[in-house]
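Participant: next come a sequence and a model predicted from it.
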Amino acid sequence: MIAKYLPQIKNGTSDQFFLMAGPCAIEGEEIALRIAERIVTITDKLNIPFIFKGSYRKANRSKGSSFTGIGDEKALKILEKVAQEFGVPTVTDIHESQEAAMAAAYVDVLQIPAFLCRQTDLLLAAAETGKVVNVKKGQFLSAESMEFAVEKIKDAGNTKVVLTDRGNSFGYQDLIVDFRGIPVMRSFQVPTVMDCTHSLQQPNQRSGVTGGKPELIETIAKAAIAVGSDGLFIETHPDPANAKSDGANMLHLDLLEGLLTKLTRVREAIL
């Protein structure tokens, strides 16, 4: 299914950006389908290629008591149902090498979390599935260093690589975005995405719950499109305050259409 998207995004040749969006974590079937239906309606209207995002498990949590998932197989089957019902590709994170084949049976894109982007065995396991591999740039890395992640995957025989920027560590509890990284990573001849929500996180809070600045999502997204980002990654939810993961930096679902409408105009203006 994802093959029809790759010609549109490869090397940034598309007139339109693509969108990876959905909830942070799969919380249940009803809400996942509701979010997917709403986004599909919006992206079809605006002619934006859409990949539904949802983590089947959240392995990186500040507190041991934080929500991690509803069960791997249950969540992966929900992602599969989203793809079947709406005809869109899906993307989910994997955290260990043995998860690659399991997740690949259900989704179109395997995502490597930022903290794990240097894990060679994980990158190779993802590459060997033949799926598209989306590698998030570590907060601790330069954009230039992501060329090695691309090399690892391509050397394993998989040329379907996407890179995603999600900000750089700034002190202990904040992130900043260096937009120079977008053209740098695009120079590796792979589609490059800006994660507009995680890049606004405020991690390592004393409460054990990550904070965020969702009011700046539009700013980050506009800037990313202006510098040539091929795609955007946006976590969205109809009730961020009660989302089970990363609600502090999510975009309210009601705001998505207005934002994407503005962004398509920005894209048109720079072509």
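Facilitator: That came through, no problem. Numbering: from 1, shown residues only.
Participant: could I get the full set of helices for the protein?
Facilitator: Along the chain, counting by DSSP state H, helices occupy 6-9, 29-46, 72-86, 99-104, 120-128, 147-155, 181-186, 217-226, 256-270.
Participant: doesn't Ala149 make contact with Ala127?
Facilitator: No - using CB atoms under 8 Å, Ala127 is not in contact with Ala149, being 10.3 Å away. In this view, the C-beta of every residue, glycine as well, is placed from N, C-alpha and C.
Participant: comparing those two, which residue is more hemmed in?
Facilitator: When Ala127 is set against Ala149 and neighbours are counted by other CB atoms under 10 Å, the residue ahead is Ala149, at 26 against 22.
Participant: any idea how far Asp93 is from the more buried one?
Facilitator: Plainly put, Ala149 is 15 Å away from Asp93 if you go by CB to CB, to the nearest Å.
Participant: same question, Phe50
Facilitator: Distance from Phe50 to Asp93, by CB to CB: 18 Å.
Participant: likewise Ile153?
Facilitator: 16 Å.
Participant: the two: which is more packed in?
Facilitator: Taking neighbours as other CB under 10 Å, Ile153 and Asp93 compare with Asp93 leading, 24 against 21.
Participant: ok, the more buried one - contacts?
Facilitator: Taking CB atoms under 8 Å, 6 or more residues apart in numbering, we find Asp93 in contact with Ser55, Tyr56, Arg57, Ala59, Leu110, Gln111, Ile112, Pro113.
Participant: closest to Gln84 among those residues?
Facilitator: Nearest to Gln84 out of the contacts of Asp93 is Tyr56 (CB to CB; 16.1 Å).
Participant: any idea how far the closest residue to that closest one other than its chain neighbours is from Glu29?
Facilitator: Distances taken as CB to CB, 6 or more residues apart in numbering put Ala75 closest to Tyr56, at 3.7 Å, once the chain neighbours are dropped. Distance, Ala75 to Glu29, by CB to CB: 9 Å.
Participant: the more surrounded of these two?
Facilitator: Between Ala75 and Glu29, counted using other CB under 10 Å, Ala75 has the larger neighbour count: 24 against 15.
Participant: distance of the more buried one from Val82?
Facilitator: 11 Å.
Participant: and what of Leu200?
Facilitator: Distance from Leu200 to Val82, by CB to CB: 25 Å.
Participant: buried ones in stretch 255-268?
Facilitator: Buried residues in stretch 255-268, counting neighbours by 16 or more other CB atoms under 10 Å, are found at Leu256, Glu257, Leu259, Leu260, Leu263, Thr264, Arg267.
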